[in-house]
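Q: Sequence and predicted structure below; questions after.
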Amino acid sequence: MTKNGSYGFATWTSFIEESQIRALLKYNVKYYFAGGKPGIMPTKIFSKILADLSESYAQDPKLALDDLNYGPTGGQSWFLKTLAKRLCDVRNIPIDCDDEWQNVSITNGSQQALYALLDTMIDPGDVIITPSPAYLGFLVPAVKLGARIITIPTDLEGIIPEYVEKAIHVSKIKFGKTPDILYVVPDSDNPKGTTLPMKRRQALYDICENHNILLLEDSAYAEIQFKKNPPPIKTLDKDNLRVAYLGTTSKEAAVLRVGYSVLPASVREQVLKDKGYLDLCTSTLVQRILNEYYSKYIDEAMAKAIPLYRERYEAMAKAIDESFPAGTRTDPTGGFFIWWESEDTSFDSSRFMQEVAIPHDLLYVPGGPFYPISGYTLSDNGNDLIDSKPESNTMRIGFSYASPEIISEGIHRLGELLTKELG
Ligand SMILES: Cc1ncc(COP(=O)(O)O)c(C=O)c1O
């Protein structure tokens, strides 16, 4: 340390900024369309679970002592069995839920699984493929760890597999490396809200099989679906060798910081080794609460929540169509977000938010942070890589948190302001 108190921080601190979504949390606005906060929470169910648990602990101090204690790094067996059953019954994940529940593990949010997975797979210079745009909670740690990111064009059905194939080819020529990871959010992606059709799921799986790439399937929004989606890519991975499947309790239960995953055995071993040093274990009490929720209440809670989320989505889509200037929006069939792109490519949604939207009590997430701060994209002819650039004329607008009335009012207000700005 020097006398003026400036410490010698690690190199990454100079080029990685605070998460843009975290930074937006400091604003307290009336029209909140920013972070992916669940707005429909089964609070009555959780208060019943907590009351029942409190009773059980009063009667059984040994249970209380165990639940208030350290536990296994990858999760308590009783909770993993409950999660395995849901993954088999509802999502058709190909594990035998009676005999193979050990294939399930938990982390401190699926964010920790993303981080630990990158931490254990990536050396500086390794290559990762993501959609363009992609979830910033994956992109930023990947850049921090020194990965070279190749972003792949997307359309209204998500990432386009033929470009993935091309990117692998170019990566081999340009970097002398096959990519290590392909990252996708197949059901109602963050940020675009798009859903991959089965044909693309199969194509991506086949590409990863052919090139020996780990397919990271982030299913954060899989339970918040307004219609039946194609099965998870993980269903194709009968031997649990190719697909790292991540889920989270955050969107379908409560933000108690628990993610769950089914990882190929060798990957699971490394990820849990990392987790052991990151947090030792996940809170047992929190696992107990969630175990009650997943074994008794989730169906009832989701049956109530999904139509309410759908109403919010419909209110937002209608208000955008009625009030926004020329541009395009995605048409999600689930999840929490709509992605809007202005026809005017010179529009800067980040500047507009600071100068216009926030002073009018409005918050969304500008599109820029969903592109890597440094990375590559395919050139027009698909035979080379060029530096990737953020598309700053875009924004992610979240419908999960506000009521349909507030959404309608706020989006009309945003539409008027955008129209004034863009003509
Ligand atoms: C696609 C995606 N993955 C992972 C996460 C992290 O979720 P959590 O850490 O709450 O499980 C989020 C949160 O918004 C997300 O949108």
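A: Cool, the structure landed. On a predicted model such as this, the values are computed, not experimentally measured, just so you know. Numbers count the residues shown, from 1 in each chain.
Q: Closest residue of this structure to the ligand?
A: With C-beta to the nearest ligand atom as the measure, residue 109 is the residue of the chain nearest to the ligand, at 2.6 Å. Backbone N, C-alpha and C define where each C-beta goes, glycine included.
Q: list the contacts for that residue?
A: Residues near residue 109 by C-beta atoms under 8 Å, 6 or more residues apart in numbering: 248, 250, 257-259.
Q: go again using 10 Å as the cut-off
A: 115, 137, 248-250, 255-259, 282 (C-beta atoms under 10 Å, 6 or more residues apart in numbering).
Q: model confidence over stretch 207-214, on average?
A: The average pLDDT for stretch 207-214 rounds to 98.
Q: ok, residues contacting it?
A: Applying C-beta under 10 Å, 6+ apart, the external contacts of stretch 207-214 come out as 117, 121, 127-129, 161-162, 164-165, 167-169, 171-172, 178-183, 204, 215-216, 233, 236-237, 241-244, 263-264, 267.
Q: gap between residue 86 and residue 295?
A: Plainly put, residue 86 is 9 Å away from residue 295 if you go by C-beta to C-beta, to the nearest Å.
Q: what about the two, which has more around it?
A: Using other C-beta atoms under 10 Å as the criterion, residue 86 and residue 295 rank with residue 86 on top: 20 against 15.
Q: so what's the more buried one closest to, chain neighbours aside?
A: Counting by C-beta to C-beta, 6 or more residues apart in numbering, the nearest residue to residue 86 once its immediate chain neighbours are dropped is residue 294, at 5.8 Å.
Q: ok, the one you found touching residue 256?
A: No - counting by C-beta atoms under 10 Å, residue 294 does not reach residue 256; the two are 11.6 Å apart.
Q: Point out the ones among the contacts of residue 109 that are inside helices.
A: 115, 137, 249-250 (DSSP state H).
Q: now, which of those residues sits nearest residue 192?
A: residue 137 (15.0 Å; C-beta to C-beta).
Q: That closest one contacts residue 114, correct?
A: Yes - at 6.3 Å, residue 137 counts as touching residue 114 under the criterion of C-beta under 10 Å.
Q: who touches both of these two?
A: Counting by C-beta under 10 Å, 6+ apart, the shared contacts of residue 137 and residue 114 are 218, 220.
Q: who's more crowded, these two?
A: Comparing residue 137 with residue 114 by neighbour count (other C-beta under 10 Å), the higher total belongs to residue 114, at 24 against 20.
Q: Tell me how far that one lies from residue 183.
A: 8 Å.
Q: if we can go back for a sec, list the residues that contact both of residue 294 and residue 256?
A: Jointly contacting residue 294 and residue 256 under the rule C-beta under 10 Å, 6+ apart are residue 249.
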